[in-house]
Each structure stands twice: as structure tokens, then as C-alpha cells.
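S.K.: dropping the sequence and predicted coords here.
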Amino acid sequence: MNLEETYFKKKIDNINILNIIDAAKFKNETNKCVVITGVTGQDGSHMVDYLLKNTQYIIFGGVRRLSVQNHTNIRHIKSDRFHLINFDLNDSNNIYKVVEVLKPDYFINFAAQSYVACSWDFAKITWETNATSIIDILEAIKSFKPNCKLYQAGSSEEFGNVSYSPQDEKHPLKPRSPYGASKVASRQLIKVYRESYNLYAIQGWLFNHEGTRRGEDFVTRKITKNVAKINKSIKNNEPVIPIELGNIYAKRDWSDAEDFIDGIWRMLNQEIYNENYNGTPEEFVFSSNETHTIKEFVELAFNCIGINGYWKNDSTDLLNEKYFYKNKNNEEILLVKINPSFYRLAEVDILFGDSTRARHELKWEPKTIFESLVKKMVNNDIDLIS
Ligand code: G4F
């Protein structure tokens with residue numbers, strides 16, 4: 001049996017992860033090749049869907065080998081143009097080999113330690129994964145495929161302790177977390193390599209982006225998943241377990257992750273999408289241009305299951321704030337309470353983006369508004385548990 005036969009026989013649920021040498025056999029002369037790291041995550045999996053739909057490229061999705069794999073976000077992908085490869089940002093040799101052997105046309109780096117809250121507990125790993133490893137990617141591209149276009153995931157967390165709202169591309173970078181600092185570092189490295197070696201290497205500023213594939217520890221998904229559980233409990237006349245949250249007064253600019261994938265692709269192809277392109281790629285902010293508190297997100301999510309709750313606090317301490325509703329027997333049911341352990345050592349109080357430049361220059365337009373995003377997430381979580 002040749003490699004292809006063995007491969008397709010084993011390719012059940014996309015769980016066949018290739019080593020780099022075997023993967024290279026699936027490259028061809030005709031189609032361009034894209035490496036996407038972090039492919040099992042929200043953004044990586046949406047990027048695969050987007051490229052399979054809109055291009056003819058061969059896609060190699062980088063995954064870290066774990067004893068228990070989570071391939072939920074890519075399980076639906078059935079395409080001979082998509083292959084999984086072993087990839088680990090913390091192994092320089094692996095990064096070099098991927099670029100040397102596959103010689104990708106695009107390298108889209110979504111792999112990261114992306115949980116801001118965890119970045120204080122794992123500051124070194126956060127730094128090594130999100131910042132140090134970018135030197136390896138840049139060096140590998142410089143050495144083996146200098147015309148490979150690099151996209152590195154950037155974040156509105158880089159703005160941190162914001163000086164003004166809304167934040168645009170000129171806003172100073174004042175990170176508040178090890179995560180934010182690591183993304184500022186990768187941005188600076190990318191700028192240095194872009195300017196020194198003339199690489200097409202960019203890092204967008206992406207404000208919070210969510211959806212049905214969002215990790216369950218991020219606040220939006222945590223809320224929608226628990227709203228779905230509460231909906232089920234109410235319908236079954238079971239006790240309601242309240243949601244425990246941290247700082248509900250923080251404000252975020254939330255968008256649909258799928259809208260941002262289109263923006264990233266436009267940023268990576270500015271010669272096509274930007275009529276002002278002068279040979280040097282630029283970096284853009286992507287945002288909804290709206291900001292909402294976590295509190296507002298909670299209210300909207302409960303509205304989706306027909307609950308119009310109310311907040312109560314019988315003290316001046318914000319930690320005592322609670323969200324209730326009255327059931328059909330007029331009993332007050334607790335839905336949300338505050339748990340101080342979800343507060344951060346330093347908070348970014350407000351993120352509020354200004355994506356005017358991306359909208360004008362890249363002709364990027366988001367399709368999903370905030371209210372529809374919340375509804376989509378709640379409905380998805382209701383479907384998942386029913
Ligand atoms: O959902 P979050 O954990 O996202 P955060 O920290 O804004 O970061 C996300 O967006 C960034 C872009 O701005 C990305 F770069 C990053 O990788 C990630 O995708 O928290 C949002 C807000 C925070 O202010 C947090 O303090 O929600 C507040 N919050 C309140 N209670 C909570 C909770 N966050 C979480 N995760 N869990 C809570 O119980």
C-alpha cells in the first residue's frame with residue numbers, strides 16, 4: 001500500500017497527523033500551500049473552512065500531539081486539500097523543518113497561549129510561545145522561503161491601559177498582562193524583520209472575536225454555555241446552578257470570529273485588496289466599533305431564552321452584585337453571582353476599536369452584529385446539550 005492509500009485509509013475524523021516529510025508528498029506544483037498553526041482552535045479552524053471555500057490551496061494544519069486530542073472544531077472538514085501535521089511552537093527544529101520542507105506560500109500563526117487570565121500563572125510559557133518562537137518562524141522564513149507571507153495573531157490586549165477610545169492603529173501599546181506584553185514583543189520583532197529583510201510579515205490588532213467554536217473558558221462562551229444549561233434546568237424543573245463571573249464591568253468590543261478571518265486574508269493579500277498598496281504591507285485594527293460590558297452580554301444571553309432578569313446589590317461592594325429572575329411561581333432565582341477568583345491581577349477596563357482603516361483600505365465589512373452573535377452562540381449551546 002502506498003503512502004496515499006495508507007493515509008486516506010487512516011484519515012478518519014482527520015486524526016491522522018503526518019510528520020513533515022510525509023506531508024511534503026501532498027504538495028503539488030499547481031497549488032499554493034498554506035501552513036496554519038493552532039488549527040484546532042477557533043480561528044485556525046475557521047481559516048481552513050475559508051480557504052477551502054475561497055481558494056484552491058493545499059492547507060497544512062499544525063497541531064500539537066496530545067494524549068487526548070480535541071479535534072471538535074475540524075472534525076467536519078473532509079477535503080483532500082487539508083492535512084494535519086505535527087507542530088509545536090516550542091520546538092525550534094520543528095519550526096525550521098516545516099518551513100524548509102513545505103516551503104509554504106503563507107504561514108498563518110494562530111498557535112498561542114491565548115488565555116489572558118492564565119498568563120500570570122504561566123508567564124514564561126506565555127512569553128516563549130507567543131514571543132520567542134516568533135523569532136524562529138521569522139528566521140526560518142528568512143532562510144528558506146523569504147517570499148512566504150506571515151500572519152501573526154495580534155491582540156487589542158496590546159493597547160492595555162488605554163489612553164483614548166476608540167483605539168486605532170496609532171494607539172500606544174501599554175499592555176497589562178504577560179499575554180499582552182508577549183504580543184507587543186512579537187509585533188516589534190515582526191516589524192524589525194519586515195523592515196530589515198523586506199519580509200511580508202504582519203500582525204493585525206484583533207479585538208475580541210467569538211463564536212460557536214470559542215473555547216469554554218472565555219467569558220462569552222462561559223456565559224452562553226451556562227445559559228443553555230440553566231435553560232435546560234428550568235425546563236426540567238431542576239435546581240438552577242448560577243454562573244460565577246469576575247469583573248462584569250469590564251468592556252469589550254466583540255465581533256464574530258468568521259468576519260475577522262476574511263479580514264486577515266485581506267491583510268495577507270494587500271496587493272489585491274488595497275488599492276493604495278505600495279509594496280510594504282500594513283497592519284490593521286479589526287473590531288466591531290462597539291463596546292459592551294460583560295453585564296450587557298449576560299442580559300442579552302438570558303434574553304435569548306426568554307428571561308428578563310434584574311441586578312441587585314444590597315451593599316456598596318461590587319462583589320455582592322447578583323442577577324435574578326422571577327419564575328412562574330414568583331420565586332426569586334439566582335442566575336449570576338460574582339466570584340473574586342475570576343478577577344485579574346490587572347484588568348484592561350475598556351477595549352473599544354476603530355477599524356475605519358480596514359473598512360476603507362481593505363474594503364472589509366463585518367457581517368454579524370453583536371446581538372446576532374450572542375443569539376447564535378446561545379442557540380448553538382442549547383443545541384449541543386439537547
Ligand atoms: O473572554 P476573556 O477571557 O477575553 P480577554 O481577556 O479579553 O482576551 C481575549 O481577547 C483578546 C483580544 O482582546 C485576545 F487577544 C485573547 O487571546 C482572548 O481571545 O475576558 C473578557 C473580559 C475580561 O475583562 C475579564 O476580566 O471578561 C472579564 N471576565 C469577567 N468574568 C471574565 C470572567 N473572563 C473570563 N475568562 N471568565 C470570567 O469568569
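M.R.: Now that the structure is in, tell me what you want to look at.
S.K.: smallest gap between the stretch 51-200 of the chain and the ligand, at which residue?
M.R.: Taking Cβ to the nearest ligand atom as the measure, the stretch 51-200 of the chain has residue 155 as its residue closest to the ligand, at 3.0 Å. From N, CA and C alone the C-beta is placed, and that goes for glycine too.
S.K.: tell me the pLDDT of that residue.
M.R.: pLDDT, residue 155: 98.
S.K.: tally of neighbours for it?
M.R.: Neighbourhood size, residue 155 [other Cβ atoms under 10 Å]: 27.
S.K.: just list the residues touching it, thanks.
M.R.: Residue 155 sits next to 179, 180, 183, 205, 206 when contact means Cβ atoms under 8 Å, 6 or more residues apart in numbering.
S.K.: who's the closest residue to residue 17 other than its chain neighbours bridged to?
M.R.: Among residues not flanking residue 17 along the chain, residue 84 sits closest, at 4.6 Å (Cβ to Cβ, 6 or more residues apart in numbering). On the basis of DSSP bridges, residue 84 takes part in beta bridges with residue 17, residue 61.
S.K.: can you count the residues close to residue 84?
M.R.: By other Cβ under 10 Å, 24 other residues sit near residue 84.
S.K.: now swap in residue 345 and tell me
M.R.: Counted with other Cβ under 10 Å, residue 345 comes out at 11.
S.K.: measure the spatially closest residue to it that is not a sequence neighbour to residue 223 for me?
M.R.: The spatial neighbour of residue 345 that comes closest, neighbours along the chain excluded (Cβ to Cβ, 6+ apart), is residue 120 at 5.4 Å. From residue 120 across to residue 223, the span is 22 Å (Cβ to Cβ, to the nearest Å).
S.K.: among those two, which residue is more densely surrounded?
M.R.: residue 223 (23 against 14).
S.K.: for the helix or strand hosting that one, packing partners?
M.R.: Assigned by DSSP states H and E, residue 223 falls within helix 219-235. Helix 219-235 sits against strand 243-245, helix 294-303, helix 370-385, with contacts defined as 3 or more Cβ pairs under 8 Å, 6 or more residues apart in numbering; DSSP states H and E.
S.K.: run the last query once more with 6 Å
M.R.: For helix 219-235, the elements it packs on are helix 294-303, helix 370-385, judged by 3 or more Cβ pairs under 6 Å, 6 or more residues apart in numbering; DSSP states H and E.
S.K.: what kind of secondary structure is the residue most central in space within the chain in?
M.R.: Among the residues of the chain, residue 43 comes closest to the average C-alpha position under Cα atoms, centre = their mean, at 4.8 Å. Secondary structure of residue 43, reduced to three states by DSSP: H, G, I helix; E, B strand; the rest coil: helix.
S.K.: ok, it to the ligand distance?
M.R.: 9 Å (Cβ to the nearest ligand atom, to the nearest Å).
S.K.: that residue against residue 110, yeah?
M.R.: Yes: judged on Cβ atoms under 6 Å, residue 43 makes contact with residue 110 at a distance of 4.7 Å.
S.K.: quick check: nearest residue in space to residue 217, chain neighbours excluded?
M.R.: Using Cβ to Cβ, 6+ apart, the nearest residue to residue 217 is residue 115, at 6.2 Å.
S.K.: helix, strand or coil for the residue lying closest to residue 116 once chain neighbours are set aside?
M.R.: If the residues on either side of it in the chain are set aside, residue 116 comes closest to residue 179, at 4.5 Å by Cβ to Cβ, 6+ apart. Three-state call for residue 179 (three-state DSSP): helix.
S.K.: for residue 265, which of the helices and strands packed on helix 219-235 is the nearest?
M.R.: helix 370-385 (20.1 Å; Cβ to Cβ).
S.K.: now that closest one: how far from the chain's centre is it?
M.R.: On the basis of Cα atoms, centre = their mean, to the nearest Å, helix 370-385 is displaced by 17 Å from the centre of the chain it belongs to.
S.K.: on that earlier part again, do you know how far the residue nearest to the centre of the chain is from residue 161?
M.R.: From residue 43 to residue 161 the distance is 26 Å (Cβ to Cβ).
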